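In: Structure of the sequence below:
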Amino acid sequence: MIICPVCDHVQSEGEECEGCGKRFPGLMNIPAPVVAPLAELELTHHEGGRVPVDAPALPELDLTRLRSGPDLPAMVVPDLELTRSGATGEVPVAQMTDLDTGRAQDDGVRTAAPVGAVTCRYCRHVQAEGLLCDGCGMRLPRVRVAAPATAKRGGGDEDERVPCPSCHVPSRPGRPCVACGTKVEVEA
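Out: Numbers count the residues shown, from 1 in each chain. Just a heads-up that it's a prediction; the model follows:
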């Protein structure tokens, strides 16, 4: 049996997971084993799946039907408490004075993007390509290559977006940010 390292789907054969599509390394092009039929095995088949079966009723079996569903009367459960608790009253709510809601100052130090072969941070497997680790199935830290920047046309473009000064979501200049509502100023 094959167990997918990504989604734990169990299957008997195949080169990739039937659940999530993860390709299994090392399992490609393995021929299926040849199984010889047993001589004493009966080879008759069940026809159609809905063949009537002769099943006479047992004489000692009670044939009364147990009532179920809407024909049953409602029952009272004596241990079930149906009352609600009383009002809690006014609860004092104090603001947290030591909670910092601002952003940390930018120190200018940036982490270098991984290029080439990447080491999985979970199982330490080194892999040159792919988004999922072949060893454990976890996502690898990959860099998306940005499209080359095109030259700006003179006089502002309608679709030009600049990062919001508060949350850094790309927004149109002169309008409020779609994420936080801060007005994005036009860059001079």
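In: Break down the chain into its strands, ranges please.
Out: For the chain, strands defined by DSSP state E occupy the ranges 2-3, 10-11, 118-119, 126-127, 162-163, 170-171.
In: Can I get those strands in JSON lines including distance to residue 88?
Out: No exception for glycine: its C-beta is placed from N, CA and C like everyone else's. Putting these into JSON lines (distance: least, Cβ to Cβ, whole Å) gives the following:
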{"stretch": "strand 2-3", "distance to residue 88": "50"}
{"stretch": "strand 10-11", "distance to residue 88": "49"}
{"stretch": "strand 118-119", "distance to residue 88": "53"}
{"stretch": "strand 126-127", "distance to residue 88": "56"}
{"stretch": "strand 162-163", "distance to residue 88": "45"}
{"stretch": "strand 170-171", "distance to residue 88": "43"}
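In: which residues touch the residue of the chain most remote from its centre?
Out: No residue in the chain sits farther from the centre than residue 59, which is 55.5 Å out by Cα atoms, centre = their mean. For residue 59, no residue meets the contact criterion (Cβ atoms under 8 Å, 6 or more residues apart in numbering).
In: before we move on, back to that, out of the strands of the chain, which is closest to residue 92?
Out: Residue 92 lies closest, by Cβ to Cβ, to one member of those: strand 170-171, at 39.3 Å.
In: tell me what that closest one is packed against?
Out: With contacts defined as 3 or more Cβ pairs under 8 Å, 6 or more residues apart in numbering; DSSP states H and E, strand 170-171 has these neighbours: strand 162-163.
In: which residues touch residue 121?
Out: Shown in contact with residue 121 (Cβ under 8 Å, 6+ apart): 138, 141.
In: Try it again at 10 Å.
Out: With contact set as Cβ atoms under 10 Å, 6 or more residues apart in numbering, residue 121 has these partners: 133, 136, 138, 139, 140, 141.
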